[in-house]
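Chemist: using only what follows, build the 3D model:
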Amino acid sequence: MVKFGEEEDTKVPLLESLYPDCPGCKCAHLTAPGAGPPIKVLLMVMVIVICNTLPVASLYPYIYFMVDDFGIAAKKEDIGYYAGALGSVLMLGRFLSSVAWGIFADKYGRRVVFVLGLLSVVVFQMIFGSTNSFWVALAARFLYGAFNGMLGPLKAYSSEVCNEENQAWGVSTITTSWNLGLIIGPAMGGYLARPAVNFPRMFSPNGFFSRYPYILPSLIQAVFALFGMVIVFFMPETVHKHEKKQFPEDQTKLVDAPKLKKSLWRNPAFMASVAVYCTWCFMELAFTEVFSLWSVSPREADGLGLSTSDVGLVLAVSGASVMVFNMTLFPLIASYLGPILVTRIPAIICVPILLVFPFVSVLQGKVQWLVLNFLSLTRYVFTTAVGTGTAMLLNNSVVSSDHFSFVWSSG
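Modeler: Model prediction:
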């Protein structure tokens, strides 16, 4: 009997010796018993995830000023309403299309979804950064979310290139790079948006970047996405291009994994994992957007009154710390505690940390700056741990890997 949060041992044939022309079989050596973490492949996965994540949160430090420049808000108090719509519409697009992209990736392969997703970054981010219309920006964000469905397949891919002993490495690579992107993105947006205002000595007040003050972050992200598209062609494909019925009769006896008699939606472990994962992702994205708006809001509105570059610096420091933690200590902690405890304990610790944040606005000067950085750093460390733990639970809640992209896209 398989307990929640644990994996069932299965026997599989040595696919690479049976189907040498199958792309999935060619990389089966990565998951062989005793194989070490596929560092090279995971580094490529990390680059792709960061490319995917940068546009998600890069607008948060400057979204307040961007909406104000659009001139759509009748009053300053209405800016938050339009900023919230602009920030959330991307996830609406992903919600409507993610399952379809997961099914597509299971049928046609992971790499084609990665390429299409990165292409959507190039096209729609350039439209978003160059427009002077709120409605065009809103449409670009929605279409970017709808046409970029590679996060679920990326999570499936990281699990497929790691054996059971290295699952923590695969899952932590996704969550580390995702959270790193959520931190580098705002840092990039904070430093590079409105360059004529932030760096008047380097950028002319009447030049190109003055007329298009928000295109520079989008341009950098588009270039990075083009680099990611090149990397995709060096990544092994993990989807098998053969039917199980093609196995020789003496080899099929080695396959002891039971067929799923129930739909995934009737699997209690899977549904519980999806619920926890969705709830935590909602909290994380909501906090990321609110934090940036709160940080740049004036003190009269109980904000911190920080500049976009100050917000970027806070998030950059947190991101560097999280990357070091997740790539060094977290796999050891996860192996010792297991997926359930490594999810539960950090989640409990996050509650008081989140409750303290609003009181930072009453502090002043260096004390406020130190407390803000400490809270941001600790929050990102523990929320990343929870995200990785829930990902491991979701990964372990299913037996078959035939539809991993569908599973991850459902989450």
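Chemist: what's in contact with stretch 356-363?
Modeler: The contact list for stretch 356-363 (Cβ atoms under 8 Å, 6 or more residues apart in numbering) reads Phe291, Arg299, Asp302, Gly303, Leu304, Gln368, Val371, Leu372, Leu375. The way it works is simple: take the backbone N, C-alpha and C, and place the C-beta from them, glycine included.
Chemist: the same query, at a cut-off of 10 Å, please.
Modeler: 287, 290-291, 294-295, 297, 299, 301-305, 367-372, 374-376, 378-379 (Cβ atoms under 10 Å, 6 or more residues apart in numbering).
Chemist: go ahead and measure how far the longest helix along the chain is from the middle of the chain.
Modeler: Longest helix in the chain, counting residues (DSSP state H): helix 365-396. Helix 365-396 sits 14 Å away from the centroid of its parent chain (Cα atoms, centre = their mean, to the nearest Å).
Chemist: need the buried ones from the contacts of stretch 356-363 selected in PyMOL.
Modeler: The following PyMOL line selects those of those that are buried, judged by 16 or more other Cβ atoms under 10 Å:
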select buried, resi 287+291+294+295+297+304+369+372+375+376+378+379
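Chemist: returning to that earlier point: who are the packing partners of the longest helix of the chain?
Modeler: On a contact count with 3 or more Cβ pairs under 10 Å, 6 or more residues apart in numbering; DSSP states H and E, helix 365-396 meets helix 151-160, helix 167-192, helix 268-296, helix 308-328, helix 330-356, helix 404-410.
Chemist: how does it look with 6 Å?
Modeler: With contacts taken as 3 or more Cβ pairs under 6 Å, 6 or more residues apart in numbering; DSSP states H and E, helix 365-396 sits against helix 167-192, helix 268-296, helix 308-328, helix 330-356.
Chemist: so, low pLDDT: which residues of this structure?
Modeler: Filtered on pLDDT under 70, the chain yields the residue ranges 1-35, 240-265, 395, 397-411.
Chemist: center of it, which residue is that?
Modeler: By Cα atoms, centre = their mean, the mean C-alpha position of the chain lies nearest to Trp178, the distance being 3.4 Å.
Chemist: correct me if wrong: that one contacts Thr53.
Modeler: Yes: contact criterion Cβ atoms under 6 Å: Trp178 and Thr53 qualify, at 5.4 Å.
Chemist: any idea of the angle the longest helix of the chain forms with helix 308-328?
Modeler: Between helix 365-396 and helix 308-328, the angle comes out at 40 degrees (axes from the mean of the first three to the mean of the last three Cα atoms, to 10 degrees).
Chemist: so that it lines up with my notes, have the first residue be 14 from now on.
Modeler: That works, and once the first residue is 14, the last one we named lands at helix 378-409.
Chemist: picking that back up, so which of the helices and strands packed on helix 378-409 is the most packed in?
Modeler: helix 180-205 (a mean of 25; mean count of other Cβ atoms under 10 Å).
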